[in-house]
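**Q** pasted the sequence and its predicted model underneath.
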Amino acid sequence: MTKGGKPSQRPFIIPIFVPHMGCPHQCVFCNQTSITGSNANMSPGSITERIHDQLSAQRGKPIRREVAFYGGSFTGIEKKVQMQLLSAVQPFIRKGFIHTVRVSTRPDYIDPQTLELLKGYGVKTVELGVQSMVEEVLRCSKRGHTADDVLKAAELLHDGGFEVGIQIMVGLPWDDAHRYAHTVDRVIGLDPHFVRIYPTLVLKGTLLEKWYRSGGYTPLSVKEAVDLCKGAFLKFYRAGIPVIRLGLQSSPELETQDCVVAGPYHPAFGHLVESSLFYDMASFLIGRSGQYRILRARISPSDLSNIRGQRNRNLDQLKRRFGLRDIQIEVDEKQPKGSLILINGTKLDGMSYRTLPFS
């Protein structure tokens with residue numbers, strides 16, 4: 001369990017995409033069809049079919065199975081339509097095939113009456129598209145809500161017993177490292193159960209694309225986005241708040257040549273962030289000792305790709321930087337994820353996400 005008794009094991013999620021449903025705003029960066037890979041509104045019948053298909057394809061026996069409505073501002077949809085969509089899930093809940101429901105929405109579309117409706121249909125988790133906690137950034141991005149709306153929504157959700165998710169973005173117009181750090185700190189103060197972090201991409205057909213082509217907006221590079229997300233990741237980690245997503249989920253639409261016009265898109269962005277953190281930890285430990293020629297590193301099995309880096313980039317760079325002849329990696333089931341131990345003879349020196357100094 002994480003801080004405050006929050007669940008640490010992820011459920012098996014069946015995603016239902018409802019792009020742009022319930023949202024009258026057109027944020028400068030938004031093209032939901034590209035992001036979700038869907039351009040059709042979901043009907044109760046199609047939801048039933050999708051749940052059947054996903055349950056049939058499920059492997060293993062996770063603790064929870066969850067239907068998640070992504071993409072639109074769910075609580076901004078007409079109440080009658082909300083009820084129709086949620087009703088399609090109810091037979092699966094009654095039979096025990098689905099345990100909970102989650103929805104994504106805007107912070108200014110949360111009120112006590114709405115939360116009562118959601119609770120009556122088995123919704124346990126609400127994700128808020130916050131994006132920033134800086135008023136000027138919200139206005140420039142044409143979000144249509146304020147930071148105060150976020151505070152009120154989070155309080156209502158906590159008081160109502162919901163799991164609270166927060167989505168933020170890095171690299172928004174008028175944002176910078178200082179303002180982004182302010183957003184991260186204020187989100188930590190909201191005590192969410194989890195966070196998603198998305199780098200801002202210039203997508204085809206958005207207002208941001210017009211600004212970019214006219215020279216009015218400069219997107220982050222992949223390295224800049226990774227560096228900013230590293231600091232945010234460590235802050236959330238140390239506050240006991242899981243970051244369950246770094247970067248947009250890869251989709252055929254995002255992978256097409258003309259969908260992402262510019263910006264720090266990478267299909268494994270989260271891996272870039274964590275492998276960079278492992279490079280930092282290894283560099284710090286080697287620099288502290290300065291006696292390694294053959295490096296022995298002990299890690300959790302789940303961190304094997306993180307210490308290696310993409311295409312073994314971490315290992316190659318560490319060898320060149322510190323003149324190492326070899327790097328030997330040991331995996332240990334007892335080693336906590338997000339930690340690294342270097343072995344020099346009989347001496348051990350270790351570090352973790354919790355103790356890595358901020359760069």
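**A** Nice, I can see it. Residues are numbered from 1 along each chain as shown.

**Q** all strands of the stretch 1-150 of the chain, in order?
**A** Assigned by DSSP state E, counting those that start in this stretch, the stretch 1-150 of the chain shows strands spanning 12-17, 65-70, 100-105, 123-131.

**Q** switch these over to TSV; also include distance to Lys337 and mean neighbour count.
**A** Where you see a C-beta, it was placed from the backbone N, CA and C, and this is true even at glycine. Listed next are the strands of the stretch 1-150 of the chain as TSV, based on distance: least, CB to CB, whole Å; neighbours: other CB atoms under 10 Å:
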stretch	distance to Lys337	mean neighbour count
strand 12-17	20	20
strand 65-70	23	22
strand 100-105	24	23
strand 123-131	23	24
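
**Q** right, and those strands - which one's nearest Val331?
**A** strand 12-17 (26.2 Å; CB to CB).

**Q** mean confidence for the closest one?
**A** Mean per-residue pLDDT for strand 12-17: 91.

**Q** before we move on, the earlier item: out of the strands of the stretch 1-150 of the chain, nearest to Leu115?
**A** Short answer: strand 123-131, nearest of the strands of the stretch 1-150 of the chain by CB to CB, at 8.0 Å.

**Q** run through who's touching the closest one.
**A** Residues outside strand 123-131 that contact it (CB atoms under 8 Å, 6 or more residues apart in numbering): 27, 66, 68, 73, 86, 100-107, 110, 115, 118, 137-138, 141, 143, 150, 153-154, 157, 162-169, 172, 183, 187, 193, 196.

**Q** and the longest helix seen in the chain, what does it pack onto?
**A** Counting by DSSP state H, the longest helix found in the chain is helix 269-289. Contact partners of helix 269-289 among helices and strands, from 3 or more CB pairs under 8 Å, 6 or more residues apart in numbering; DSSP states H and E: helix 222-238, strand 243-246, strand 294-299, helix 304-308, helix 313-322, strand 339-344, strand 347-352.

**Q** how far off strand 294-299 does it point, in degrees?
**A** Relative orientation of helix 269-289 versus strand 294-299 (axes from the mean of the first three to the mean of the last three CA atoms, to 10 degrees): 130 degrees.

**Q** buried residues in helix 269-289?
**A** Residues of helix 269-289 classed as buried: 269-282, 284-286 (neighbour count, 16 or more other CB atoms under 10 Å).

**Q** returning to what we had before: and Ala262, which of the helices and strands packed on helix 269-289 is closest to it?
**A** Shortest distance between Ala262 and these, using CB to CB, is found for helix 222-238: 11.2 Å.

**Q** off-centre distance for the closest one?
**A** In terms of CA atoms, centre = their mean, to the nearest Å, the centre of helix 222-238 is found 12 Å from the chain centre.

**Q** got the angle for it vs helix 269-289?
**A** 80 degrees.

**Q** packing partners of helix 222-238?
**A** With contacts taken as 3+ CB pairs under 8 Å, 6+ apart, helix 222-238 sits against strand 163-170, helix 177-189, strand 194-199, strand 243-246, helix 269-289.

**Q** any chance of CSV for those, columns mean pLDDT and distance to Gln317?
**A** Shown next, in CSV, are the helices and strands packed on helix 222-238 (pLDDT from 0 to 100; distance: least, CB to CB, whole Å):
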stretch, mean pLDDT, distance to Gln317
strand 163-170, 97, 24
helix 177-189, 98, 24
strand 194-199, 97, 23
strand 243-246, 96, 21
helix 269-289, 95, 7
